[in-house]
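Trainee: Need a 3D model of the sequence below.
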Amino acid sequence: MPQGGRESGDGRQTVNALMILFKTNQFNLSKVGAHFINPCCFGEDLAAWLRVKLTELGIETREPYQEDWGWELPAKVPRGAYFLCMSGNSENSSADKDDGEWGIIVEKKRSIGQMLTGKGKIASDDEMVRTVEEILTNERAIREVHREL
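Mentor: A predicted model of the protein is given here:
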């Protein structure tokens, strides 16, 4: 999975993103799809579910697609465009093979001009981050929603 919100040694943010972590058994972590690029490409059902939730809130989304580490869901609000990058890992100690930890990286897209001038960085109170956290927190089957520090 891409790294969320990491900084280089000189303090520059290398990825314009924040990561949200949570636990659930609501999504597939046990059945490798024949279409998976790699056996760890879980998140297809999470991406589809999140797309519906975002669309219900009037947020524009595009079809999610698979990457070699999980799934990406492009989303857009009036103040910016995002990639919602998601993947999960099973809790091997659990009797439920779908129980595990998931991560959603909320990556804010920036123009070349914004990157060169240091503008358009994702903020801790970013609208998309807050919206995704609210969706997750309001789902009964999802627990321990928090940001990676």
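
Trainee: Can you tell me the centre-most residue of the protein?
Mentor: Ile104 (2.2 Å; CA atoms, centre = their mean).

Trainee: the bottom helix or strand of the chain by mean pLDDT?
Mentor: helix 112-117 (a mean of 89; mean pLDDT, DSSP states H and E).

Trainee: tell me what that helix is packed against?
Mentor: Applying 3 or more CB pairs under 8 Å, 6 or more residues apart in numbering; DSSP states H and E, we find helix 112-117 packed against no helix or strand. Backbone N, C-alpha and C define where each C-beta goes, glycine included.

Trainee: Could you give the bridge partners of the residue nearest to the centre of the chain?
Mentor: Ile20, Met86 (DSSP bridges).

Trainee: With just CA atoms, put the least confident helix or strand of the chain into PDB.
Mentor: What follows is helix 112-117, C-alpha atoms only, in PDB (Å, rounded to 0.1, in the frame of the first residue of the first chain):
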ATOM      1  CA  ILE A 112       2.200  20.800 -10.500                       C
ATOM      2  CA  GLY A 113       1.900  24.500  -9.600                       C
ATOM      3  CA  GLN A 114       0.600  23.600  -6.200                       C
ATOM      4  CA  MET A 115       3.400  21.100  -5.600                       C
ATOM      5  CA  LEU A 116       6.000  23.600  -6.700                       C
ATOM      6  CA  THR A 117       4.600  26.300  -4.400                       C
END
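
Trainee: Could you look up the next helix or strand downstream of that helix?
Mentor: Sequence-wise, the next helix or strand downstream of helix 112-117 (DSSP states H and E) is helix 127-137.

Trainee: Quick check: phi and psi on Val106?
Mentor: phi -100, psi 100 (degrees, to the nearest 10).

Trainee: quick one: it and Ile122 touch, right?
Mentor: Yes. Using CB atoms under 8 Å, Val106 makes contact with Ile122 at a distance of 7.0 Å.

Trainee: Nearest spatial neighbour of Pro74, chain-adjacent residues omitted?
Mentor: Arg62 (4.2 Å; CB to CB, 6 or more residues apart in numbering).

Trainee: Can you tell me the SS state at the nearest residue to Ile135 once chain neighbours are set aside?
Mentor: Leaving aside its chain neighbours, Ile135 sits nearest to Lys53 (4.8 Å; criterion: CB to CB, 6+ apart). Using DSSP: H, G, I helix; E, B strand; the rest coil, the structure places Lys53 in helix.
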